[in-house]
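**Q** A predicted structure for the sequence below; I have some questions about it.
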Amino acid sequence: MFSYQLRRTWNKMAYTRTGQPVASMAEMLDKVQHMDNAIGYIDRRVEDESIYYFNAH
Amino acid sequence: MNRFITLMLTNIFIAFLLSFSVCAQEISSELIMDPPTQEENKLWEGVKRTWRDDIQFHGFLSQGLFSTSGNNVYGQSKDSLSAGSTEMGLNVSYQALNNLTFTVQGLYRRAGAITGDAGEVTLDFAFFDLNLLNLQEGRIGVRGGRIKNPWGLYNETRDVAFTHPTIFLPLAYFERSRTLLLAVDGGQLYADYSTSIGYFSFKFNYGWVNANDKEVLTAIVNDPTVSGHFESDPSFVTQLSYETMGGEYVFALSYADLNMSYQAKSTDDPYAQMGADFNTFMLSAQYNGEKFSFVSEYSLKWNEITDIRMGVPDSFAVSERWYVQAGYRFLDNLQATLRYDSAIQNLKDRYGKGVEAKSGGLIPAHMAFTQDLVFGLRWDITPSWMVRAEYHRVHGAATISLLDNPDLSKVAKDWNIYALQIAFRF
């Protein structure tokens, strides 16, 4: 998936308000952990026992 | 990946806003980065407190600049420069319950003579969204209020510059019918379902459209003395769409049945009995690759206008609109677009000879068709700012605004459009 495809989906949701947004960082973590194939963007400064930080090259 | 899962990606936006975006997944790895410091955590807590989790705002803004030869677009652009197109929108949504959301969007729009110089503020949409069934594979729900019509790939977000590739939408999104197709006041049933082969989405809108539009009336009766207006009868718009994982391929079938009747102002109004029924479908296909994108849409519209006035026969025409478009992404944020676009007002009178003869030369033949060759460049400077420029070589004038071009005898057959647009979103 390319970043512009993500933006396309995101724009459509934001400007038709037809998506149910994730309400909090905690909910995002919960969704990513409990749904297959889910990817989420969070802030790097969030500290949580369940997160492993790693460097991607 | 499907759109249902991307529903969870909304915090991308927050990340953009705060200008820090780092991807984190629950993947175990040997490479553990420095843990965040105490100070950074405090900063994060502060940021979080300023947001209410259940209320969200979004908005957009665009300004266009046009210069044309032959015919006007968005004001006086002919052999001149017009800044006649401005669009500004703001929406807010409030999640009252886990499965109940309220949302509203206001739109300010300046688009040439139809809105006047001062522009117009409208309620773009306002609805409640009640999710009746929410499973991992899909959802079913209802929306009630004013709801955008799912027609083709772009109608729901046609005023949001960021969501379509060129400044001018393809001719199939006929600017003159904009108001008519934009939204219904009524209800929507929606169902989404994701499978291993992709994502299916179904929407059915039922209600009353906004038929009180001068452009539509002028185009139908071609009489400046007409004093009444159209009012909507019950209408529906529906769409079935399918996307492969991540939206690499998108296919959609849309259908609309729009009905309206004329409301006379006085008892001796010659148009008192007039009614109009429009039935239209659109087939859409889109490919989104890494470098190349292709889009094509094909639409037929049956226009039936009855009891126009004494001595005028009922009018029945089938309009055809289609385009093919290719996009090439030089860089992630720099895209070129080439489109061939065609609109025929009446398939039985493709070249307009009939309409010209019937009107005694009043309506020139080239008002019956348009072929438009478009070349555009789009630069997404940041995720929030975008500029684009485009050139149109136009043959025919079926799609021009009659309010911006009131003198039909001066309507040009072959003409050019140069357009520039800057847009912002948050």
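**A** Received it, and whenever you're ready, just let me know what you need.

**Q** enumerate the residues of the stretch 51-200 of chain B near chain A.
**A** Contact residues (Cβ under 8 Å from any Cβ of the partner chain) of the stretch 51-200 of chain B with chain A: B:53-54, B:56, B:58, B:60, B:89, B:91, B:93, B:95, B:101, B:103, B:105, B:125, B:129, B:131, B:136, B:148, B:156-157, B:160, B:162-163, B:190. Bear in mind the C-beta positions are built from the backbone N, C-alpha and C, glycine included.

**Q** now, of these, which are buried?
**A** B:56, B:58, B:60, B:89, B:91, B:93, B:95, B:101, B:103, B:105, B:125, B:129, B:131, B:148, B:156-157, B:160, B:162-163, B:190 (16 or more other Cβ atoms under 10 Å in any protein chain shown).

**Q** tell me which of the residues you listed fall in strands.
**A** B:56, B:58, B:60, B:89, B:91, B:93, B:95, B:101, B:103, B:105, B:125, B:129, B:131, B:148, B:190 (DSSP state E).

**Q** list just the nearest of those to residue B:176.
**A** Of all these, residue B:148 has the smallest distance to residue B:176: 18.4 Å, by Cβ to Cβ.

**Q** show the pLDDT at the closest one.
**A** With respect to pLDDT, residue B:148 scores 96.

**Q** for the closest residue to residue B:319 other than its chain neighbours, which three-state class applies?
**A** Leaving aside its sequence neighbours, residue B:319 sits nearest to residue B:301 (Cβ to Cβ, 6 or more residues apart in numbering or on different chains; 4.4 Å). In three-state terms, and counting by DSSP: H, G, I helix; E, B strand; the rest coil, residue B:301 is strand.

**Q** the helices in the chain, which residues?
**A** Went with chain A since none was named. Listed in chain order, the helices of chain A (DSSP state H) span residues A:3-16, A:25-34.

**Q** not quite, I wanted chain B
**A** B:3-6, B:11-17, B:38-49, B:178-182, B:214-221, B:353-358.

**Q** hmm, residue B:199 is touching residue B:139, no?
**A** No: shown here, residue B:199 and residue B:139 do not form a contact pair, counting by Cβ atoms under 8 Å, at 11.5 Å.

**Q** look at the two and report which has more neighbours.
**A** residue B:199 (23 against 20; other Cβ atoms under 10 Å in any protein chain shown).

**Q** with adjacent residues omitted, what lies nearest to residue A:16?
**A** Nearest to residue A:16 is residue B:156, by Cβ to Cβ, 6+ apart, at 4.9 Å.

**Q** where does pLDDT dip in chain B?
**A** Low-confidence segments of chain B (pLDDT under 70): B:1-53.

**Q** just list whatever residues bridge to the nearest residue to residue B:200 once chain neighbours are set aside.
**A** Spatial nearest neighbour of residue B:200, excluding adjacent residues (Cβ to Cβ, 6+ apart): residue B:193 at 4.7 Å. In this entry, residue B:193 is beta-bridged to residue B:138, residue B:200, by DSSP bridges.

**Q** ok, now how distant is residue B:193 from chain A?
**A** Distance, residue B:193 to chain A, by Cβ to the nearest Cβ, to the nearest Å: 15 Å.

**Q** go on, residue B:413?
**A** Distance from residue B:413 to chain A, by Cβ to the nearest Cβ: 36 Å.

**Q** same question for residue B:351.
**A** Taken as Cβ to the nearest Cβ, the span from residue B:351 to chain A is 38 Å.

**Q** what of residue B:69?
**A** 33 Å.
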